[in-house]
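>>> Compute the structure for the input listed below.
(2 chains)
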Amino acid sequence: MSDRTDAARPTRGIDPRGPRFAAGVTALLLLVDVFLGLTTPIGATVAERAVEPAFLLLLAIALLFAWGVLSPRTAPWGVLYRVAVQPRLKPPAELEDPRPPRFAQGVGLFVVTIGLILHLAGVPWALPIAAAMAFVAAFLNAVFGLCLGCQLYLVLQRAGIVGRERAAAA
Amino acid sequence: MVSLPHRRRTESATGLLRAARHRTGVRQPFSRKQLAWDAVTIVNALIGLAVLLAVTVALGVLVQWRQGRPRRHIAHEVVEPGRLGAESLGATATLLQFSTELCSRCPGVHRTLAAVADGRDGVRHLDIDVTHRPDIAKHFHILQTPTTLVLDSDGVVQTRFGGVPNRDVLELELNRLTGETANV
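Okay, here's the model as predicted:
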């Protein structure tokens, strides 16, 4: 016997290897960005800090995260996966709910944005540390298939920040 | 006549730039000291990257090693099915799964546990969506989904699996429970 108290089975899903491929590309970009952030000293003025290669690359990563949140179907790495990688692989064994990877993109955007803002404010190490945190999440997702977003979601939920109790739920 | 002041300005600009470089101690691009400093920075940054990579891989291996391993000796508690919105528990055992909407591995675990429960008499699979029930998540100290509890016939929590449970280990746990009831 098998019961589900909240019937919300996804009717259509996505190939779970797509988000992992995108996470792999993102992890590589973030690793390059950590390297750039560690090698270039932080600029003296806001204008200088805003044109540093580490800042510009992280800004591009942030925009890609935002793209993944707003329109996951058209996000570049997902499209690249479907066009170039998926035809060479076997069809997926099972499909996945598209919402968790989308939520994870939002978490990535949040972390990276904080790094960008602190960097512009002149906080040393903020940019490489933010890029490194996002890298850890992206790498674990790509290589181990671990969903840090799910875990964070539950922690936030228990703290009462997201997913408050529905009034209708008895 | 027109270009003369212009040229003069550019000449004075390069002169100023050179003077500024001299004053602030900015070295010429290919001086040996500058190259050595660059090399040290790059080596340090590469060490930083290697540490980051090693820590990440270690974290991944540790989490994956802990995932799906059963934990016994947990605070025993009798689970009341009514509180979870289910009418009853399994006659011999219950696989109590906790899921959320934003959980990529929950549907796969749901299929596995449903198949295990279908293959055994008296074993019931309950999948609780705790997305909108932080009270339940808090009560069972759920920090990750899926989390699976194995309950015996009285609803006492016997085993806890964080993450994706290993199917063979799960079957062994159920054998243990059904064996116990057979002996009693």
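
>>> Mind checking the pLDDT average for the helix or strand containing residue A:48?
Using DSSP states H and E, residue A:48 maps to helix A:46-50. In this model, helix A:46-50 has a mean pLDDT of 91.

>>> does any part of the next helix or strand along the chain from it sit near chain B?
Using DSSP H and E, the next helix or strand after helix A:46-50 towards the C-terminus is helix A:53-70. No - using C-beta under 8 Å from any C-beta of the partner chain, helix A:53-70 never reaches chain B; the gap is at least 10.8 Å. Just so you know, the C-beta spots here come from the backbone N, C-alpha and C atoms, and that holds for glycine as well.

>>> what residues does helix A:53-70 touch?
A:22, A:26, A:29-30, A:32-33, A:36-37, A:40, A:49, A:74-78, A:101-102, A:105-106, A:108-109, A:112-113, A:115-116, A:119-120, A:127-128, A:130-131, A:134 (C-beta atoms under 8 Å, 6 or more residues apart in numbering or on different chains).

>>> And stretch A:31-49, by the same measure?
For stretch A:31-49, the external contacting residues (C-beta under 8 Å, 6+ apart) are A:51-55, A:57-58, A:61, A:119-120, A:122, A:124, A:127-128, A:131-132, A:135, B:41-42, B:44-46, B:48-49, B:52-53.

>>> From these, list just the buried residues.
Neighbour-count burial (16 or more other C-beta atoms under 10 Å in any protein chain shown) applied to the contacts of stretch A:31-49 gives A:52, A:54-55, A:57-58, A:61, A:119-120, A:127-128, A:131-132, A:135, B:45, B:48-49, B:52.

>>> In chain B, where is pLDDT below threshold?
Across chain B, residues meeting the criterion (pLDDT under 70) sit at B:1-31, B:68, B:73-76, B:180-184.

>>> In the chain, what residue spans correspond to strands?
Using chain A here. With DSSP state E, the ranges of strands along chain A come out as A:2-4.

>>> Chain B was what I was after
So, for chain B - with DSSP E - the strands run B:70-71, B:93-99, B:123-129, B:147-152, B:157-162.

>>> Format those strands as JSON lines; extra columns: distance to chain A and mean neighbour count.
Below are those laid out as JSON lines (distance: least, C-beta to the nearest C-beta, whole Å; neighbours: other C-beta atoms under 10 Å in any protein chain shown):
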{"stretch": "strand B:70-71", "distance to chain A": "17", "mean neighbour count": "14"}
{"stretch": "strand B:93-99", "distance to chain A": "8", "mean neighbour count": "26"}
{"stretch": "strand B:123-129", "distance to chain A": "3", "mean neighbour count": "23"}
{"stretch": "strand B:147-152", "distance to chain A": "9", "mean neighbour count": "23"}
{"stretch": "strand B:157-162", "distance to chain A": "10", "mean neighbour count": "21"}
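
>>> Relative to residue A:95, which of those is closest?
strand B:93-99 (16.3 Å; C-beta to C-beta).

>>> Can I get the strands of chain B in TSV including distance to residue A:69?
Conversion of the strands of chain B to TSV gives the following (distance: least, C-beta to C-beta, whole Å):
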stretch	distance to residue A:69
strand B:70-71	35
strand B:93-99	23
strand B:123-129	23
strand B:147-152	27
strand B:157-162	28
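
>>> Which among those strands is found nearest to residue B:84?
Closest to residue B:84 of the strands of chain B, according to C-beta to C-beta: strand B:123-129, at 5.5 Å.

>>> Give me the angle between that closest one and strand B:93-99.
When axes from the mean of the first three to the mean of the last three C-alpha atoms, to 10 degrees is applied, the directions of strand B:123-129 and strand B:93-99 differ by 20 degrees.

>>> packing partners for strand B:123-129?
With contacts taken as 3 or more C-beta pairs under 8 Å, 6 or more residues apart in numbering or on different chains; DSSP states H and E, strand B:123-129 sits against strand A:2-4, strand B:93-99, helix B:106-118.

>>> what's the second one packed up against?
Pointing back at strand B:93-99 there. If you count contacts as 3+ C-beta pairs under 8 Å, 6+ apart, strand B:93-99 packs onto helix B:106-118, strand B:123-129, strand B:147-152, helix B:167-183.

>>> JSON lines for these, including distance to residue B:60?
As requested, the helices and strands packed on strand B:93-99 are exported to JSON lines (distance: least, C-beta to C-beta, whole Å):
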{"stretch": "helix B:106-118", "distance to residue B:60": "19"}
{"stretch": "strand B:123-129", "distance to residue B:60": "27"}
{"stretch": "strand B:147-152", "distance to residue B:60": "19"}
{"stretch": "helix B:167-183", "distance to residue B:60": "21"}
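
>>> what's the closest of these to residue A:15?
Of all the helices and strands packed on strand B:93-99, helix B:106-118 sits nearest to residue A:15, with 13.7 Å by C-beta to C-beta.

>>> other SSEs contacting the closest one?
Judged by 3+ C-beta pairs under 8 Å, 6+ apart, helix B:106-118 is in contact with strand A:2-4, strand B:93-99, strand B:123-129, helix B:167-183.

>>> contacts for stretch B:108-127?
A:1-5, A:94, B:81, B:84, B:86, B:88-97, B:99, B:106, B:146, B:148, B:153, B:164-165, B:167, B:170-171, B:174, B:178.

>>> For the residue nearest to the spatial centre of chain B, which residues are in contact?
The centre of chain B sits closest to residue B:63, judged by C-alpha atoms, centre = their mean, with a distance of 7.2 Å. Neighbour list for residue B:63: A:140, A:144, A:146, B:163 [criterion: C-beta under 8 Å, 6+ apart].
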